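Asker: Pasted the sequence and its predicted model underneath.
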Number of protein chains: 4
Amino acid sequence: MKNAPFKGIIAYPITPFDANEKVDILLYKQLVERLIVSGSHGIAPLGSTGVMPYLKDQEKEAITEATIEQVKGRAPILVGVSNLTTERTIYHAKFAEKAGATAVMIIPMSYWKLSDDEIVKHYDAVAKQISIPIMAYNNPATAGVDMSPKLLKRILEISNVTMIKESTGDVQRMHYLKKELGDSVAFYNGSNPLALSAFAAGATGWCTAAPNLIPELNIALYNAIQNNDLQEAQKIFYKQIDLLRFIVEKGLPRAIKSGLQLQGIEGGHLRKPLQPLTENEITELDRILKLVK
Amino acid sequence: MKNAPFKGIIAYPITPFDANEKVDILLYKQLVERLIVSGSHGIAPLGSTGVMPYLKDQEKEAITEATIEQVKGRAPILVGVSNLTTERTIYHAKFAEKAGATAVMIIPMSYWKLSDDEIVKHYDAVAKQISIPIMAYNNPATAGVDMSPKLLKRILEISNVTMIKESTGDVQRMHYLKKELGDSVAFYNGSNPLALSAFAAGATGWCTAAPNLIPELNIALYNAIQNNDLQEAQKIFYKQIDLLRFIVEKGLPRAIKSGLQLQGIEGGHLRKPLQPLTENEITELDRILKLVK
Amino acid sequence: MKNAPFKGIIAYPITPFDANEKVDILLYKQLVERLIVSGSHGIAPLGSTGVMPYLKDQEKEAITEATIEQVKGRAPILVGVSNLTTERTIYHAKFAEKAGATAVMIIPMSYWKLSDDEIVKHYDAVAKQISIPIMAYNNPATAGVDMSPKLLKRILEISNVTMIKESTGDVQRMHYLKKELGDSVAFYNGSNPLALSAFAAGATGWCTAAPNLIPELNIALYNAIQNNDLQEAQKIFYKQIDLLRFIVEKGLPRAIKSGLQLQGIEGGHLRKPLQPLTENEITELDRILKLVK
Amino acid sequence: MKNAPFKGIIAYPITPFDANEKVDILLYKQLVERLIVSGSHGIAPLGSTGVMPYLKDQEKEAITEATIEQVKGRAPILVGVSNLTTERTIYHAKFAEKAGATAVMIIPMSYWKLSDDEIVKHYDAVAKQISIPIMAYNNPATAGVDMSPKLLKRILEISNVTMIKESTGDVQRMHYLKKELGDSVAFYNGSNPLALSAFAAGATGWCTAAPNLIPELNIALYNAIQNNDLQEAQKIFYKQIDLLRFIVEKGLPRAIKSGLQLQGIEGGHLRKPLQPLTENEITELDRILKLVK
């Protein structure tokens, strides 16, 4: 088994902004603290929940450092370092390693659809420059490219690519990963509404923004799976599915921010073009949150 | 809870032909007997496995009668009665009821994409003419129309539509059915590679042609679920997944026929345009079957 | 150049029913006469406009004979003979030839997705039994199978498959056909809203139900193309596009029947599950027809 | 008619790099000069052909200034200023206006799928800050969001959004634009293989990287359309379609660079992760280019 330092609930903090659209590091640290205290098994800054592609280089660096300072070794940290160019991806990967990240997550962002060879060379070029593990992340909806199981297999030949995060929303991909790669590689689910199916299929962890709002339910699902109690897992999953669907459908940063406010927690501002949820959407989210609790 | 007389493994027999493409009723009965003896919890003649759309009216009637004669009450029987026109669907539904079927399965076959209203009226017109339960079957790949969860909800207002078979291959549909319809309606999985996810999501049964080839594994999966043993279910599922994928990808009637022959069991001929698997495909199937056992 | 006896506007009559859902042959003949008199360059009974899949064998035969009697050689006749089984397709193809059809149209209807080999053998088996030309028809939306340009090329190696009807709605398919097959094979457009693009791409004809309602506009479009007058063609196309879109979106048999009635022409009844357009849809169609004229 | 300062062939230069992946401004100017000299009716720097998303802010500014210097008023200039955040989009739009651009092109780049309201507000915020016209660009394949005709209509209510570039590859979108917006708004085709259909549908111009390789053919197609000579347009289109398809399929920057080199023109280096075409791809491109000439 390759070195896979994550399992269970890997929580994605949002990146909050102040009224002038500046990153609010103080508030960010408070939000990270909430995730740690409520029991998340890992912290993943600079994901799409953290609007990483909307941030400038220095902002990304500040978030990385703030996370490490705040977590203080209480959980492993997975830093998103994806960038359109290979040069910038290497830059951020090296920064994350030096700052103390446990591992980095890389999605092959693309404007032009990259070829398989281009993607392999991209991962390889980054992997050569760092020694911490890499989680390869497949999410065609945000990357614009869908890495086939065959391509993922090629990428896994790179020695420090040790983990795969799958967000296609198709559980068959996970069946393939588990069947083909057996126990040599850990795979993680990045599709919230697929949480139950993915754990049933053998996922090692669940990468999710949901612990910002309902950490107990997320962790309880993982615990039920660990206890081999499918009936309990099913029950807990159906309790949270409406929320999982809502946050995905409305966009994680927008939905988490509003959800925090509904719970009386400051979530900061969004950076444009992102706009707050509409009033109707907030009412709907309030209804869902009240049912969940 | 509405009257749902099926659970567990609902097995779909193939319809075998002789060398002149005539239905071979004698051989058909032997194949049904194998399904019963090996423990299937229900028998479903005239599904797509049974090439129902390729059969003439009298052939369908003969298959219905032969099934009932052979099963002799040892398992409930679900007869496929779908037809492009409402008039012919009613005809076959009434025939099935009179012959002694436990329930009928109806998919809204369409050439022109039917409107929601047309589909509801179609089900309603049939339901009025029979008193046994109806399983509404959603499979856009064969019907040419995808019944939305919202439409299925409308159809379930018809009193003797009591069961839903979902074959879109999207586990989210099952989450929706379970969440929205709660325990009032039973839903069944018709997508073989989704067997584990569907049971994890709460499916009452699995409609499948696989018991023609690997009945022990299909039944063992259901038993593990019944025992709330997810780890065992996962293990058994991964044993059979390659076969489940193969039979779907190659077409159920073709794949089952070849699989039977590889196991030394007569499977009869196919009706054209269906052609036997190629030699390469048979070699692949042989390899998969040997690994499974 | 292979023998391609059709060009221009190939009109598809509906199959009208009486109040008891019986085929109304007398009314059918009147509707065919209208198509001939208004200048259609070909007549195509038993297409999807003619609800061919909803008809019994004898009904199809009666329609074929009625068309030939009514047309009396004033235009070439293209009879739809597609069937799920090869045996029934051969039967109807032979019937059409004997009755005097100019050519037959065959779409590889499928319940199970057929393999390329199965489709080629299906066409070949039919072609061997008749000597009139065959138009191969590609329409994934109704057939359930999409014949790739590569497969179409294979089918065209059969000597009496001389024409291709393309209804994917993707003009690139026509570019491919024209570029690859050059002037050796005629291709026809079966996607109404693509009429202008298809003629611009070099289509020999347009297979359409629209002449039941707006024959002058359909024929004027073809004439403008023949006169190499793109500006006129564009003008005429934009006059009719709303109607072309409407009849496709609502289903040809339903939309044509209502359109005829709005014009004061008897269109008969539909066979269930098909239902008449709703009142709102009829109002919309009336508005479009009035603007067109 | 709103102010639409472009028509005909709007050529997209590539952004060449030196061996160290630095932008090569000198070479860039030479490539722009070729486009002007060979007769392009407009020049569009910082499109996806120009790998705009791979460039840093200063690099984008240098390209904008170099284009204006080199073109010296011989053709209108359309500068790509799209960015994930509204703030950066405004910044680049203002820079382009000040530098002397004729108009700017804006695609709603997105990581998270933006809502319609977010997109409208994004365009509106930029439009308020500049007074030159904006071309709204729809290309779901690169933006990750598909602007519906209805949304485009809303965006066109902003006074200086005067042009639409459509790159979905679906000619029906252009039919809609033409039919709904009539002569009040100009629409442009951004899908190379759709060039003939788009002009037939009434497109005002064609946004394309092809003039880097085959300017005569691109311009000849436009001239044939201007002369209302469809037969000639069709002939010229089929001459170039294989090349149009190739450059889209392989990625514009990669294909153009190799095509230039095959023609003995320096095209510079690519920025990683982009990799040169493979040897097989170059051989194929050489074959196509030789047939074209």
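Answerer: Cool, the structure landed. Numbering: from 1, shown residues only, chains lettered A, B, ... in the order given.
Asker: check contacts around A:Asp242.
Answerer: Taking CB atoms under 8 Å, 6 or more residues apart in numbering or on different chains as the criterion, A:Asp242 is in contact with A:Ile288, A:Leu291, A:Val292, B:Lys179. Yep, even glycine has a C-beta here, placed from its N, CA and C like the rest.
Asker: Just to be sure, which of these are found in strands?
Answerer: Using DSSP state E, no member of the contacts of A:Asp242 sits in strands.
Asker: I'd guessed A:Glu65 sits against A:Ala99; true?
Answerer: Yes. Look at A:Glu65 against A:Ala99 with CB atoms under 8 Å: they come within range, at 5.5 Å.
Asker: Buried residues of the helix ranked longest in chain A, list them for me.
Answerer: Taking DSSP state H as the criterion, chain A has its longest helix at helix A:230-250. Applying a neighbour-count criterion of 16 or more other CB atoms under 10 Å in any protein chain shown, one finds A:230, A:232-234, A:236-248, A:250 buried in helix A:230-250.
Asker: Just the buried residues of the contacts of A:Asp242.
Answerer: Buried by 16+ other CB under 10 Å: A:Ile288, B:Lys179, out of the contacts of A:Asp242.
Asker: would you put the C-alpha positions of the lowest-mean-pLDDT helix or strand in chain A in PDB?
Answerer: Using mean pLDDT, DSSP states H and E, helix A:140-143 stands out as the lowest-scoring helix or strand of chain A, at a mean of 84. Output of helix A:140-143 as PDB, limited to C-alpha atoms (Å, rounded to 0.1, in the frame of the first residue of the first chain):
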ATOM      1  CA  PRO A 140     -14.500  17.000 -15.200                       C
ATOM      2  CA  ALA A 141     -17.100  19.500 -14.100                       C
ATOM      3  CA  THR A 142     -14.500  21.900 -12.900                       C
ATOM      4  CA  ALA A 143     -11.300  20.800 -14.700                       C
END
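Asker: Now do the next helix or strand after that helix: distance to the chain's middle.
Answerer: Moving toward the C-terminus from helix A:140-143, the next helix or strand (DSSP states H and E) is helix A:149-155. The chain centre lies 20 Å from the centre of helix A:149-155; the measure is CA atoms, centre = their mean, to the nearest Å.
Asker: Helix A:149-155 - contacts with which helices or strands?
Answerer: helix A:116-127, strand A:134-138, helix A:171-181 (3 or more CB pairs under 8 Å, 6 or more residues apart in numbering or on different chains; DSSP states H and E).
Asker: Only the buried residues of it, if you could.
Answerer: Buried residues in helix A:149-155 (16+ other CB under 10 Å): A:Pro149, A:Leu151, A:Leu152, A:Lys153, A:Arg154, A:Ile155.
Asker: and which of the residues you listed is nearest B:Gly50?
Answerer: A:Pro149 (32.6 Å; CB to CB).
Asker: picking that back up, ok, of the helices and strands packed on helix A:149-155, where does mean pLDDT dip lowest?
Answerer: Ranked on mean pLDDT, the bottom entry among the helices and strands packed on helix A:149-155 is helix A:171-181, at a mean of 91.
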